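**Q** please work out how this folds:
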Amino acid sequence: MEITNSEEMMIAVCGMNCIYCYVHHKKKKPCLGCRQSDKGKPEHCQKCKIKECAYDKGLLFCSECSDYPCILIRRLDKSYRIRYNESLINNMKVINEKGMNYYLSFEKERLKCPECSGVHNIHQKTCSECGKTFKVSELK
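**A** A predicted model of the protein is given here:
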């Protein structure tokens, strides 16, 4: 798989879509995603063992690894499913089976705010623009 545009650059090696992270929408210092510089990233992202492992192995995504899903991915996926109704393993499955364009298009629809032009922040369960709360629908 090859990363060809800025939206694709926002898909972290683990399958997290950084566009929908609370740090990406900070007004003064937005995070530019897992694949960009550490400027504006929270400390836990800067020191991410999953990202380091993938980079050390020369992988674009963890799903390219023969050990996928490893214990680190399974733990993170479980946490995201419980806390945010989001499965990183499922994200990678959709990308691998249906393609990056399908995944990105589906996510835009699934996580756009019906009230304004904003996008849902999955961590805080609010819209990035109007601040309204929401419930994330499951990725299919």
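
**Q** when you work out contacts or count neighbours from here on, use the C-alpha atoms and nothing else.
**A** Noted.

**Q** my guess is residue 21 meets residue 119, correct?
**A** No. Contact between residue 21 and residue 119 fails when scored by CA atoms under 8 Å: they sit 9.9 Å apart.

**Q** between these two, who's got more neighbours?
**A** Neighbours per residue, other CA atoms under 10 Å: of residue 21 and residue 119, the larger number sits with residue 119, 25 against 20.

**Q** what about residue 129, distance to residue 24?
**A** According to CA to CA, to the nearest Å, residue 129 and residue 24 sit 12 Å apart.

**Q** swap in residue 51?
**A** For residue 51 relative to residue 24 (CA to CA), the value is 17 Å.

**Q** mind listing what's buried in stretch 89-106?
**A** Across stretch 89-106, burial judged by 16 or more other CA atoms under 10 Å covers 89, 91, 92, 94, 95, 100, 103, 104.

**Q** residue contacts, the residue lying farthest from the centre of the chain?
**A** Centroid-distance maximum for the chain: residue 115 at 22.6 Å, with CA atoms, centre = their mean. Counting by CA atoms under 8 Å, 6 or more residues apart in numbering, residue 115 touches residue 130.

**Q** let me know the pLDDT of it.
**A** Note for residue 115: predicted pLDDT of 85.

**Q** for whichever helix in the chain runs longest, buried residues please.
**A** Using DSSP state H to define each element, the chain has its longest helix at helix 71-84. Applying a neighbour-count criterion of 16+ other CA under 10 Å, one finds 73, 76, 77, 78, 80, 84 buried in helix 71-84.

**Q** can I get these in CSV with pLDDT and distance to residue 35?
**A** Shown next, in CSV, are the buried residues of helix 71-84 (pLDDT from 0 to 100; distance: CA to CA, whole Å):
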residue, pLDDT, distance to residue 35
73, 97, 17
76, 95, 18
77, 96, 19
78, 96, 23
80, 91, 20
84, 87, 22
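
**Q** ok now stretch 76-92, how far from the chain's centre?
**A** 10 Å (CA atoms, centre = their mean, to the nearest Å).

**Q** er, stretch 11-30 I mean
**A** With CA atoms, centre = their mean, you get 7 Å for stretch 11-30.

**Q** next, the distance between the ends of it.
**A** First-to-last residue span, stretch 11-30, CA to CA: 15 Å.
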